[in-house]
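Visitor: got a predicted structure plus its sequence, pasted below:
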Amino acid sequence: MKDQNLPDPMREQLKGVSRRDFMKFCGVMAVSMGLPMGAGVQIAEAITNPKRRPPVIWLHGQECTGCTETLLRPSHPSLEHLILDLISLDYHETLNVGSGHQAEDALLKSIANNAGEFILVVEGAIPLKDGGIYCLIGGKPFVDLVKETGAKAGAIIAIGSCAAWGGIPSSPPNPTEAVGVPQVLQGKTIVTIPGCPPNPYNFLSTVTHFITFGRLPALDHLGRPKFAYGRLIHENCERRPHFDAGRFAEKFGDEGHRNGYCLYRLGCKGPVTHANCPEILFNEVGGGTWPVGTGHPCYGCTEQGVGFNMPLYSITDIPQPTPFANQAPIQPSRPSPHSTAAVAVASAAVGATIGASVMAMKKLGDSEDKKNSSS
């Protein structure tokens, strides 16, 4: 029985945090997931209710443990708060206290006691060649372990690019025939959180949504949460104004690179990569950052067929070279003396936006011509 004199873990975690700040945090988390601000109250009730802690089984395949490492970085919630208060981490091969048969027995016991209720998190790719012998856990092929555990899970999350679609282990020539979780557990709903590593808050928000509402967040056609992967990086990049103005860094260390110009010519994959890196950032201690913010082009780690499959500094096509410039369908309820002027202003704004994009593409083309003629 729990000693009633021991301090409550949640109370210790929230010591020094006002109710106002806590509710503000829950509201921001709700909005970041595309939920109304009012959902913050439901989130607050869920994450402070010890009876709603879901059991979690975390399996490791072909990977570097970077996805687990990334969970060391966030502070709300911190790693210890996550695994001790928000969830019940029953099995994790990196964090297990026991080992060998003791750890395997704990895994089997958790599966048996929580069938249909536990969250299965898979980190790493799954090799299929030669029956999966290139990744064995407890003498059993990892692919078999994933199938057996996935069949009894209440929810399944593939964290990181390796688990989402094969990642680095599946890069050509893919000697072990590595694949992601969706290719092994076909017919099941798999939440994919790609990235190398993924932003920890994309994973934490997904788990929080499941704890709060008992269901997974809205997913795109690849199983990625829409709140995190619904927009292209290119749309919200802080260097986007330079792209629209035709200002590009041509090589590392040149004047354009030092002045923070667009990194497209250096191989930035932002125009074809769906993720929320510019908005949520990494390493919040010290203000947060992300690869493009440090002067390195995005290499598309969240996109299958881009990250780890394209040359790092190759230039991608731009599927949407102009900003979204359609006029809002606003119809006045009655004639207004200002309606003509408003239309004129709106038209000018649209024209300016399209003009800027045309100039950007023209400058990019001129730069290409100069480069080709000099070579």
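Guide: Received it, and whenever you're ready, just let me know what you need.

Visitor: what about the nearest residue to I315 once chain neighbours are set aside, how many residues nearby?
Guide: Excluding its sequence neighbours, the residue lying closest to I315 (Cβ to Cβ, 6 or more residues apart in numbering) is G267, at 6.1 Å. No exception for glycine: its C-beta is placed from N, CA and C like everyone else's. Neighbour count for G267, taken as other Cβ atoms under 10 Å: 18.

Visitor: so what's G267 up against?
Guide: Contact analysis of G267 by Cβ atoms under 8 Å, 6 or more residues apart in numbering lists 297, 299, 311-316.

Visitor: closest to L107 among the residues you listed?
Guide: Distance to L107 across these (Cβ to Cβ) is lowest for Y299, with 35.1 Å.

Visitor: state the distance from the closest one to T273.
Guide: 8 Å (Cβ to Cβ, to the nearest Å).

Visitor: quickly list what's touching both of the two.
Guide: 306-307.

Visitor: tell me the mean pLDDT over the helix or strand where H257 lies?
Guide: Assigned by DSSP states H and E, H257 belongs to helix 255-258. For helix 255-258, mean pLDDT rounds to 95.

Visitor: would you map the helices across the stretch 1-150 of the chain?
Guide: Assigned by DSSP state H, counting those that start in this stretch, the helices in the stretch 1-150 of the chain fall at 9-13, 19-32, 39-47, 66-70, 79-81, 100-113, 142-150.

Visitor: tell me the buried residues in the fourth one?
Guide: What that stands for is helix 66-70. 66-68, 70 (16 or more other Cβ atoms under 10 Å).

Visitor: apart from its chain neighbours, what residue comes closest to A103?
Guide: Closest residue to A103 apart from its sequence neighbours, by Cβ to Cβ, 6+ apart: N96 at 4.8 Å.

Visitor: re the thing from before, can you list contacts of the helix holding H257?
Guide: 247-251, 263, 266, 295.

Visitor: one more time with 7 Å
Guide: For helix 255-258, contacts defined as Cβ atoms under 7 Å, 6 or more residues apart in numbering pick out 247-250, 295.

Visitor: for that helix, which positions count as buried?
Guide: 256-257.

Visitor: and after it, which helix or strand comes next?
Guide: Downstream of helix 255-258, the next assigned helix or strand under DSSP H and E is helix 277-280.

Visitor: now that next one: average pLDDT?
Guide: Averaging pLDDT along helix 277-280 gives 90.

Visitor: swap in stretch 107-117?
Guide: 91.

Visitor: same question for stretch 141-156.
Guide: pLDDT averaged over stretch 141-156 gives 95.

Visitor: stretch 196-214 now?
Guide: For stretch 196-214, the mean pLDDT works out to 86.

Visitor: export it to PDB, keeping only CA atoms.
Guide: What follows is stretch 196-214, C-alpha atoms only, in PDB (Å, rounded to 0.1, in the frame of the first residue of the first chain):
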ATOM      1  CA  CYS A 196      15.900  11.700 -37.000                       C
ATOM      2  CA  PRO A 197      15.300  12.200 -34.300                       C
ATOM      3  CA  PRO A 198      11.700  13.300 -34.100                       C
ATOM      4  CA  ASN A 199      10.800  16.300 -32.000                       C
ATOM      5  CA  PRO A 200       9.900  14.900 -28.600                       C
ATOM      6  CA  TYR A 201       6.800  17.100 -28.300                       C
ATOM      7  CA  ASN A 202       5.300  15.500 -31.400                       C
ATOM      8  CA  PHE A 203       5.400  12.200 -29.500                       C
ATOM      9  CA  LEU A 204       4.400  13.600 -26.100                       C
ATOM     10  CA  SER A 205       1.400  15.500 -27.700                       C
ATOM     11  CA  THR A 206       0.300  12.300 -29.400                       C
ATOM     12  CA  VAL A 207       0.400  10.400 -26.100                       C
ATOM     13  CA  THR A 208      -1.300  13.200 -24.200                       C
ATOM     14  CA  HIS A 209      -4.100  13.200 -26.800                       C
ATOM     15  CA  PHE A 210      -4.600   9.500 -26.300                       C
ATOM     16  CA  ILE A 211      -4.600   9.800 -22.500                       C
ATOM     17  CA  THR A 212      -7.100  12.700 -22.600                       C
ATOM     18  CA  PHE A 213      -9.600  11.600 -25.200                       C
ATOM     19  CA  GLY A 214      -9.000   7.800 -25.400                       C
END
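
Visitor: can you give me the buried ones in it?
Guide: Judged by neighbour count using 16+ other Cβ under 10 Å, the buried positions of stretch 196-214 are 196-212.

Visitor: then stretch 293-303?
Guide: Buried-residue list, stretch 293-303, by 16+ other Cβ under 10 Å: 293, 297-303.

Visitor: max pairwise distance over the residues you listed: which two?
Guide: The span of those, defined through Cβ to Cβ, is set by G293 and E303 at 19.3 Å.

Visitor: if we can go back for a sec, just to check, the residue nearest to A103 is in contact with Q102?
Guide: No: using Cβ atoms under 7 Å, N96 is not in contact with Q102, being 8.5 Å away.

Visitor: who has more neighbours, the two?
Guide: The residue with more neighbours, out of N96 and Q102, is N96; 17 against 10, by other Cβ under 10 Å.

Visitor: now render the contacts of G267 as JSON lines, adding distance to Y134, secondary structure and pLDDT.
Guide: As requested, these are arranged in JSON lines below (distance: Cβ to Cβ, whole Å; DSSP: H, G, I helix; E, B strand; the rest coil; pLDDT from 0 to 100):
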{"residue": "P297", "distance to Y134": "32", "secondary structure": "coil", "pLDDT": "96"}
{"residue": "Y299", "distance to Y134": "26", "secondary structure": "coil", "pLDDT": "91"}
{"residue": "P311", "distance to Y134": "26", "secondary structure": "coil", "pLDDT": "86"}
{"residue": "L312", "distance to Y134": "26", "secondary structure": "coil", "pLDDT": "85"}
{"residue": "Y313", "distance to Y134": "31", "secondary structure": "coil", "pLDDT": "88"}
{"residue": "S314", "distance to Y134": "30", "secondary structure": "coil", "pLDDT": "90"}
{"residue": "I315", "distance to Y134": "35", "secondary structure": "coil", "pLDDT": "90"}
{"residue": "T316", "distance to Y134": "32", "secondary structure": "coil", "pLDDT": "89"}
